[in-house]
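In: Dropping the sequence and predicted coords here.
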Amino acid sequence: DYDELDAFFSVNKKMADKYGIECWTNAESFDRDMPIKFLPIKFDKLRMKLEAAARQKYDKAITFEFSHFMSPQSSYLQAGHLYDRYKEYFEIG
């Protein structure tokens, strides 16, 4: 859960550092709140995931299913909004 992110990322980062492995996070851009039907995640949840990884100095972040859940061309209207919020947060033109 979100309150466990820092502990989870900390343990993974320590193991990666110990063995000389880059540490990336896969910040999923969909939400699992509803059974079977996944929808684009709310930006605040995505932000929490990315900030927790950043606090532990993760090397990079990727996302799963950008084209469905975060792309402005997605059939989900919320996906385009999520992308806009992401760009605003990271000050991307």
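Out: Okay, I see it. Numbering: from 1, shown residues only.
In: Residue nearest the middle of the protein, spatially speaking?
Out: Nearest residue to the geometric centre of the chain (CA atoms, centre = their mean): Ala27, 2.4 Å.
In: was I right about it contacting Lys60?
Out: No. Using CB atoms under 8 Å, Ala27 is not in contact with Lys60, being 10.5 Å away. (C-beta placed from N, C-alpha, C; glycine too.)
In: Who are the packing partners of the helix or strand where Gly80 lies?
Out: Using DSSP states H and E, the element containing Gly80 is helix 77-89. Using 3 or more CB pairs under 8 Å, 6 or more residues apart in numbering; DSSP states H and E, the elements in contact with helix 77-89 are strand 39-40, helix 43-55, helix 66-69.
In: Count the neighbours of the residue nearest to Ile62 when sequence neighbours are not counted for me.
Out: Among residues not flanking Ile62 along the chain, Asn26 sits closest, at 5.5 Å (CB to CB, 6 or more residues apart in numbering). Residues lying near Asn26 (other CB atoms under 10 Å) number 11.
In: do the same with Glu28
Out: When neighbours are counted by other CB under 10 Å, Glu28 comes out with 18.
In: got the phi/psi numbers for the closest residue to it other than its chain neighbours?
Out: Nearest residue to Glu28, sequence neighbours excluded (CB to CB, 6+ apart): Phe64, at 5.0 Å. Recorded main-chain torsions at Phe64 are phi -100, psi 130, according to degrees, to the nearest 10.
In: which secondary structure elements does the helix or strand of the chain with the lowest mean pLDDT contact?
Out: When the helices and strands of the chain are compared on mean pLDDT, DSSP states H and E, strand 30-31 comes out lowest with a mean of 91. Other elements packing on strand 30-31 under the criterion 3+ CB pairs under 8 Å, 6+ apart are strand 39-40.
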